[in-house]
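A.B. asks: Next comes the sequence, and after it the predicted model I'd like to discuss.
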Amino acid sequence: MSEELNNTINNVDDIYEEVSDWHINVGGLKIVAKRQAGRFRTFKWLGMSIWSLFFLGPYLRWNDSQAILFDLPNRQFNIFQITIYPQDIWMLSLTLLFFAILLAVVTSIAGRVFCGYFCFQTVWTDIFTYIEGKLEGNTPPRALKFNEAPWTADKLARKVLKHSLWLIIALLTGISFVAWFTDAFQLWRDLFSFQAPLFALAVIGAFIGGTYLFAGFMREQVCFWLCPYARLQGVMYDQDTLLPAYDAERGEPRGRVKRGEDKASKGSCIDCKICVAVCPTGIDIRKGQQEGCITCGLCIDACDTIMDKVNQPRGLIRYASYKELHHNAEAIPLYKRLRIYVYGFILLGAVAGIINGFMSLSPTEFKVDHQRQPLYVLLSDGSIQNKYTLKLLNKTKQAITVNFTIEGLEGAILRGVSEITIEPSEIVPLTALVKVPEKHMTFELAPIVFKGIIVDSDIIVEYKSVFMGPKLK
Amino acid sequence: MAENKNDPSQVKDTGHVWDGIRELDNPCPRWWLNSLWLSGLMVIVYFILYPSLPLIEGSTKGILGWTQINEFEEDMAKVEAIRAPFDNQLAAMTVEEILVDPRMLNYAIGSSKVLYGDNCAACHGVGGAPPTGVFYPNLTDDDWLFGGGIYDIKMSIAQGRAGMMPAHKNLLTEEETDQLVQFVIDYSNGEPTEAGLALYNAKGCFACHGADAKGIKAMGSANLTDKIWRFSGTPEGIRHSIIHGVNDPSDPQTHIAVMPGWNEKVAIMMEARAYAIEDGDDPNDIDWDDELDGDEAERLTETDIKKLAVYVHQLGGGQ
């Protein structure tokens, strides 16, 4: 056997040895995390409270209609004063880009902040386990005792209450989601009079099922095995990223100082395992960064209370970067980190684009299609004719009347279009014929501008198109 | 924890070892396995509900009775249901009325695209302009052999068209042919010569193309004074047209230019009405049993003819 292969096998043995110490919960073990107050717990509540907007938002009114309404059947998004049509959908891409990059920049600065404090999986699971904890005991031993106890009326009542509360939350989640896409008050009326459209009911049903299953039963398993973001975000870490981490140098060797033992022979960690007990995903932060850590900081809260009790300084588990823990180096300030600038630049670009989009939202959308078959037509008097389709979308709430003209092409005559009235949210395609006399045909291709003049307003819309002719001899 | 399933030394393996790496035989997560069984169950449900098992003839039917063609036909019925009111209204309108009703005009044009593509585009080209070098009439320009009004267009479609120009191989000398070629080129450029005009009249061209050489609609003869050529506009092309003519059975090199009729019945009825009006009679009094044999070819319905007439009229050159 060659030396290289020997080395390989030794390395493999090392790996086996290392992973034999690991436990990965694939759903066989139900995590019952101990709940405890603290700074990060408060912060988590704050992050979670943002979701109340999800439940309350649809009931905001603005000018007698829903303030924010994603009106899919009519293909428009109503956001307060503004109406966004499919033609403006690029702004949605920029908004998505903004949030994607925001996720990246936050993750690269302070880890999976999204996962720990804001993600709906985290939030709904937290609420569900809160209810479960209140009813069945909020520590593993209590929960075990409750579940192993014989069935009594009290146990049954508690179980029924738990599942009822879960289902009510799931139901409200589904209704709130649908309420963003249809008139919220009407939706409730329809639900109570059993007239809600089947599609709305199906969506609500899917949400009930999803919420009940994911937050009630799958919980951290979703983060472990289903969520792509959980995997993606780890890639955005670098050595400067602040993450909840165990200071092994200070903590090890862990264990309780026994009577008569030298205090200095042990590290700060008293191996009380409270950091494991409070972890909603059931990991041991002392084993270092791992996929299951959603960086919620609850272990920091827990450890700090213990450090206070044993009269040690706080921060055995704390937000710290890899560099700080392993090289005793100071964290690099944000303004010296290149990726912050790169991310920041993209963020600024997206914001600028969105602001620009909102500022320049036009009350109309004007488009001119040049007919391609045929590109041009020779008329009997030798002039050349091009055919266009004019499409003007009326994005205002009133009917508008429009006159069309052309500009920028000498001798060109516009035919076939007359004044037209366009109802709100409508497009009326118009066929326009433009004719250029033979003596002016000194080109093969020339720009031409179509103008739509909206009567009784100062709005003039323009579209640059082209006029084409035969090859010059 | 009694047993740590994840400790590799305690997990069963499959007996496969590569480079010292053992293939472990860990069980799949329970939820994952459940999903797998559940999807298997779904398959059984599908087998029961939908056509699935192939048999020697056909397949099992499934209790829902679903078939692809049924679904297609149901969807087509929905489309027809939306179209029906328009088509009914269209059937009761004349082409002239359709042209001035923007809503029906839009419908007629929109619903004719397929009709045009199936029946007309092969010769006249997609969009109404045949490819260069293929001498079918261009429907997008303002030059019409048989008239560019909506009535004339409808008539052309219903009746079909075939112009006729005799071959002049034996009627003209080489020199006369050259002169006439030059004459029509000059006329097209707006500079006809006196001598050319004299020859044009002397050789009887005016009989079909008219004294002003602008063509005669009733005969479908070409306008020789404009910039548009029915066939080629090159000197050789014009010479070929003069020498070999159009649809002249005696000349094998003649231009074949025949458009089939698409609804004989409509054509006969249009003609009969026109004659009645010309004679000062009421077209409603026509005895159709007299006019029609009942075996007229109807390749397209009258509604389709109307739609196509409107469509062609709106291609850019309708008058």
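C.D. replies: Happy to help now that I have it.
A.B. asks: what's near enough to touch residue 292?
C.D. replies: Looking at chain A here, since you left the chain open. Contact partners of residue A:292, counting by Cβ atoms under 8 Å, 6 or more residues apart in numbering or on different chains, are A:24, A:220, A:223, A:224, A:281, A:282, A:283. All C-beta spots, glycine's among them, are computed from the backbone N, C-alpha and C.
A.B. asks: Chain B was what I was after
C.D. replies: By Cβ under 8 Å, 6+ apart, the contact list for residue B:292 reads B:265, B:268, B:269.
A.B. asks: Of the residues you listed, which is the nearest to chain A?
C.D. replies: Nearest to chain A among those: residue B:269, at 30.2 Å, using Cβ to the nearest Cβ.
A.B. asks: so the closest one touches residue B:288, yeah?
C.D. replies: Yes: with contact defined as Cβ atoms under 8 Å, residue B:269 and residue B:288 form a contacting pair (7.4 Å).
A.B. asks: Which one's more surrounded, these two?
C.D. replies: residue B:269 (19 against 11; other Cβ atoms under 10 Å in any protein chain shown).
A.B. asks: tell me the pLDDT at the more buried one?
C.D. replies: Note on residue B:269: pLDDT of 91.
A.B. asks: got the contact list for the closest residue to residue A:238 other than its chain neighbours?
C.D. replies: Using Cβ to Cβ, 6 or more residues apart in numbering or on different chains and skipping residues adjacent in sequence, the residue nearest residue A:238 is residue A:108, 6.5 Å away. Residue A:108 makes contacts with A:236, A:237, A:238, A:241, A:339, A:340, A:343, as judged by Cβ under 8 Å, 6+ apart.
A.B. asks: at 6 Å what do you get?
C.D. replies: Residue A:108 makes contact with A:236, A:241, A:339, according to Cβ atoms under 6 Å, 6 or more residues apart in numbering or on different chains.
A.B. asks: Next up, the contacts around the nearest residue to residue A:416 once chain neighbours are set aside.
C.D. replies: Of all residues not flanking residue A:416 in the chain, residue A:433 sits nearest, at 4.5 Å (Cβ to Cβ, 6+ apart). By Cβ under 6 Å, 6+ apart, the contact set of residue A:433 is A:385, A:387, A:415, A:416, B:316.
A.B. asks: swap the cut-off to 10 Å and go again
C.D. replies: A:371, A:377, A:379, A:385-388, A:413-417, B:140, B:142, B:314, B:316-317 (Cβ atoms under 10 Å, 6 or more residues apart in numbering or on different chains).
A.B. asks: Go ahead and flag the most central residue of chain B.
C.D. replies: The centroid of chain B falls nearest to residue B:116 when counting by Cα atoms, centre = their mean (2.1 Å).
A.B. asks: helices or strands up against the helix or strand where that residue lies?
C.D. replies: Assigned by DSSP states H and E, residue B:116 belongs to helix B:102-119. In terms of contacts (3 or more Cβ pairs under 10 Å, 6 or more residues apart in numbering or on different chains; DSSP states H and E), helix B:102-119 is packed against strand A:430-436, helix B:68-91, helix B:95-99, helix B:121-124, helix B:302-313.
A.B. asks: And the lengthiest strand in chain B, what does it pack against?
C.D. replies: Ordering each strand of chain B by length in residues (DSSP state E) puts strand B:13-18 first. In terms of contacts (3+ Cβ pairs under 10 Å, 6+ apart), strand B:13-18 is packed against strand B:21-24.
A.B. asks: Poorly predicted segments of the chain, please.
C.D. replies: Just going to use chain A. By pLDDT under 70, the low-scoring segments of chain A are A:1-10, A:18-23.
A.B. asks: wrong one, I was asking about chain B
C.D. replies: B:1-6.
A.B. asks: which residues of it fall in helices?
C.D. replies: For chain B, the helices defined by DSSP state H cover B:30-49, B:68-91, B:95-99, B:102-119, B:121-124, B:150-159, B:174-188, B:194-202, B:206-209, B:235-244, B:264-278, B:288-291, B:302-313.
A.B. asks: Go through the ones you listed and name the closest to residue A:448.
C.D. replies: Set against residue A:448 and scored by Cβ to Cβ, the helices of chain B come closest in helix B:102-119, at 23.6 Å.
A.B. asks: Mind listing what's buried along that closest one?
C.D. replies: Within helix B:102-119, the residues that qualify as buried are B:104, B:105, B:106, B:107, B:108, B:109, B:111, B:112, B:115, B:116, B:119, counting by 16 or more other Cβ atoms under 10 Å in any protein chain shown.
A.B. asks: related to what we said a few turns ago, out of the contacts of residue A:292, who's near chain B?
C.D. replies: A:24, A:224 (Cβ under 10 Å from any Cβ of the partner chain).
A.B. asks: nearest to residue B:62, of the contacts of residue A:292?
C.D. replies: residue A:224 (38.9 Å).
A.B. asks: Up against chain B, what does the stretch 351-473 of chain A have?
C.D. replies: Within the stretch 351-473 of chain A, the positions near chain B by Cβ under 10 Å from any Cβ are A:371-383, A:385-387, A:415-416, A:420, A:428-431, A:433, A:435, A:438, A:470.
A.B. asks: Among those residues, name the ones in strands.
C.D. replies: Using DSSP E, those in strands are A:377, A:378, A:385, A:386, A:387, A:415, A:420, A:430, A:431, A:433, A:435.
A.B. asks: Quick check on these: which are buried?
C.D. replies: Neighbour counting with 16+ other Cβ under 10 Å marks A:377, A:378, A:385, A:386, A:387, A:420, A:430, A:431, A:433, A:435 as buried within those.
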